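Enquirer: Pasting the sequence and the predicted model now:
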Protein chains: 2
Amino acid sequence: MERKRFTAAPCSIARSLDILGDWWSPLILRECLYGTHRFDQMQRWLGIGRNILTRRLALLVEQGVLERRQYQDRPPRFEYHLTDKGYAAAKLLVAMMPFGEEWLFEEDEPIRLYDRETDRRVRPVLVDAETGEPIDPRQLYPGPGPAFPADTDVRRERFVEYFERRGEEG
Amino acid sequence: MERKRFTAAPCSIARSLDILGDWWSPLILRECLYGTHRFDQMQRWLGIGRNILTRRLALLVEQGVLERRQYQDRPPRFEYHLTDKGYAAAKLLVAMMPFGEEWLFEEDEPIRLYDRETDRRVRPVLVDAETGEPIDPRQLYPGPGPAFPADTDVRRERFVEYFERRGEEG
DNA sequence: GATTGATGGTTCCATAATGCAACCTGCTAT
DNA sequence: ATAGCAGGTTGCATTATGGAACCATCAATC
């Protein structure tokens, strides 16, 4: 059966997974980020089936993270480039790198990121925008935002800690 | 056919995708992060098939991101909790939230994160550890790190910009 | 003491997605 | 005329998914 889609889910994580929630799509974005823009190159680098690559590219274009650019006529040839939305999604890939380095490799990092202007090494960290402090997921609890369905039962069930801390209607 | 696995890939992104590279696994981690630890609760919240939930939980435990904790005998009952590795992976989920808010919702955010100690709202941003500046993926280029396979051809092919900037052996 | 309910699964089936190989098309270079 | 490149499409065998039904263990209820 077709995989479930939660494009309508009131959750940024669920919706993000429509773009990144499979094995290949993030790797395709990675290729674009690293400078690989053409069908055959991607296919070779990734070892992905050509039919699947076709489908994924179409999906990613449809979702607006990739742009299909014609770079010659006769014969028409195309390249795939990240859009603004695509670059925003690429941050999620960038965020995977320190995680991978710390938890998935015995040895040192396989790949390093550098800044195009300064040529200095870049080390991505997730911090709180206000305080600048690194984020520790244990330290967090979720609460409903403006776009969360107003059904009170759902909210209470879903965000117990939030309502405990704020009283019935925080 | 079984999906390809690149556990051996010299890429943090590819390896991370062994944990996060499908639709359900990240959502299961999300449930744990939000305080849902039991089989039936997860099944109901996610609307996932019970057989699939079983498989995913087993995988996540095997990969060390979840821990299966017995919370009673007679009958034996179990809960699933994030490990240290799991909390590290949860940062990636947290990183999805600002992306989703900005690009996947017309309206305002559906869910907000708060700090358990201060009860203040937390807004996650990805920054460079040294400079504290927000990371812009356009600004980055990748180069081989210590654990990248030493095969020179592969390195040159893969990291063109890196070698251009540094000369043959940077 | 029989039944209901909670919890945490397993089994079976139809459908969808994946991986692989082969093939097609338009044009260029030899 | 022939081979090669780029970007696909088509067909097929194998897996994974979603859904529903079923099972087992114990506690509490009628």
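Expert: In hand now; what should we look at? Numbering: from 1, shown residues only, chains lettered A, B, ... in the order given.

Enquirer: Dump the C-alpha coordinates for the helix or strand bottoming out on mean pLDDT in chain A into CSV.
Expert: One helix or strand of chain A scores below all others by mean pLDDT, DSSP states H and E: helix A:152-158, with a mean of 84. Extracted in CSV, the C-alpha atoms of helix A:152-158 (Å, rounded to 0.1, in the frame of the first residue of the first chain):
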residue,chain,number,x,y,z
THR,A,152,-9.2,20.8,23.7
ASP,A,153,-9.2,17.0,24.3
VAL,A,154,-6.5,16.5,21.7
ARG,A,155,-4.4,19.3,23.1
ARG,A,156,-4.7,18.1,26.7
GLU,A,157,-3.9,14.6,25.7
ARG,A,158,-1.0,15.6,23.6
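
Enquirer: and residue A:16, what element?
Expert: Assessed by DSSP states H and E, residue A:16 sits inside helix A:12-20.

Enquirer: now check the helix or strand just after that helix, is it near DNA strand C?
Expert: Going down the chain from helix A:12-20, the next helix or strand is helix A:24-34, by DSSP H and E. Yes: on the criterion CB under 7 Å from any atom of the strand, helix A:24-34 is in touch with DNA strand C at residue A:24. C-beta: built from backbone N, CA, C; applies to glycine.

Enquirer: Mind listing what's buried along whatever helix or strand comes next after helix A:24-34?
Expert: Sequence-wise, the next helix or strand downstream of helix A:24-34 (DSSP H and E) is helix A:39-46. Neighbour-count burial for helix A:39-46, counted by 16 or more other CB atoms under 10 Å in any protein chain shown, picks out A:39, A:42-43, A:45-46.

Enquirer: Against which helices or strands is helix A:39-46 packed?
Expert: Contact here means 3 or more CB pairs under 8 Å, 6 or more residues apart in numbering or on different chains; DSSP states H and E; on that basis helix A:39-46 packs against helix A:24-34, helix A:50-62, strand A:77-82.

Enquirer: Check the offset of the lengthiest helix in chain A from the chain's centre.
Expert: Longest helix of chain A, by residue count under DSSP state H: helix A:84-103. Offset of helix A:84-103 from its chain centre (CA atoms, centre = their mean, to the nearest Å): 7 Å.

Enquirer: Next secondary structure after that helix?
Expert: Past helix A:84-103, the next helix or strand by DSSP H and E is strand A:111-115.

Enquirer: Could you list the residues in contact with the helix or strand that comes right after that following strand?
Expert: Per DSSP H and E, the first helix or strand lying C-terminal to strand A:111-115 is strand A:121-122. For strand A:121-122, contacts defined as CB atoms under 8 Å, 6 or more residues apart in numbering or on different chains pick out A:112-115, B:128, B:130, B:135, B:140.

Enquirer: Close to DNA strand C: what parts of chain A are there?
Expert: Near DNA strand C, when you scan chain A using CB under 7 Å from any atom of the strand, you find A:1-3, A:22-24, A:47-52, A:55, A:74-75.

Enquirer: how near is the nearest residue in space to residue A:110 that is not next to it in sequence to residue B:65?
Expert: Among residues not flanking residue A:110 along the chain, residue B:10 sits closest, at 3.9 Å (CB to CB, 6 or more residues apart in numbering or on different chains). Distance of residue B:10 to residue B:65, computed by CB to CB, to the nearest Å: 21 Å.
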